[in-house]
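1. no FASTA, just this:
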């Protein structure tokens, strides 16, 4: 996970618009806000995303 993707996740979280485990809505918000890197990331790294949401840890 790049710092840019991490920042995009945190930006969506900070809006309070959705439960961060509701990935389809996270993707909708990412699309609306132009976070295309996050959309690409979620297509292949959902397990890493969920781990980050649960623990704050990233896989390097």
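-> Noted; the coordinates are in hand. Please read these numbers as outputs of a predicted model, since none were measured by experiment. Numbering: from 1, shown residues only.

2. show me what contacts the most centrally placed residue in the chain?
-> The centroid of the chain falls nearest to residue 9 when counting by CA atoms, centre = their mean (3.8 Å). Residues near residue 9 by CB atoms under 8 Å, 6 or more residues apart in numbering: 20, 38, 49, 52-53. (Each C-beta comes from the backbone N, C-alpha and C, glycine too.)

3. which one of those is nearest to residue 26?
-> For the contacts of residue 9, the residue nearest residue 26 by CB to CB is residue 20; the value is 6.3 Å.

4. SS state for the closest one?
-> Put simply, residue 20 is coil when judged by DSSP: H, G, I helix; E, B strand; the rest coil.

5. that one: neighbour count?
-> Residues within reach of residue 20, counting by other CB atoms under 10 Å, total 17.

6. on that earlier part again, can you put the contacts of residue 9 in CSV and add secondary structure and distance to residue 2?
-> What follows is those, written out as CSV (DSSP: H, G, I helix; E, B strand; the rest coil; distance: CB to CB, whole Å):
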residue, secondary structure, distance to residue 2
20, coil, 18
38, helix, 10
49, helix, 13
52, helix, 12
53, helix, 16
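
7. check contacts around residue 11.
-> Applying CB under 8 Å, 6+ apart, the residues near residue 11 are 33, 35.

8. can you show me the helices along the protein?
-> Secondary structure of the chain, counting by DSSP state H: helices at 3-15, 23-33, 36-44, 46-55.

9. so where's the chain shaky on pLDDT?
-> Applying pLDDT under 70 to the chain flags residues 60.

10. hmm, 90 instead?
-> Flagging of the chain using pLDDT under 90 yields the residue ranges 57-60.

11. what's the neighbour count on residue 46?
-> 11.

12. just give me the neighbour total for the residue nearest to it when sequence neighbours are not counted.
-> Excluding its sequence neighbours, the residue lying closest to residue 46 (CB to CB, 6 or more residues apart in numbering) is residue 23, at 6.8 Å. If you count neighbours by other CB under 10 Å, residue 23 ends up with 16.
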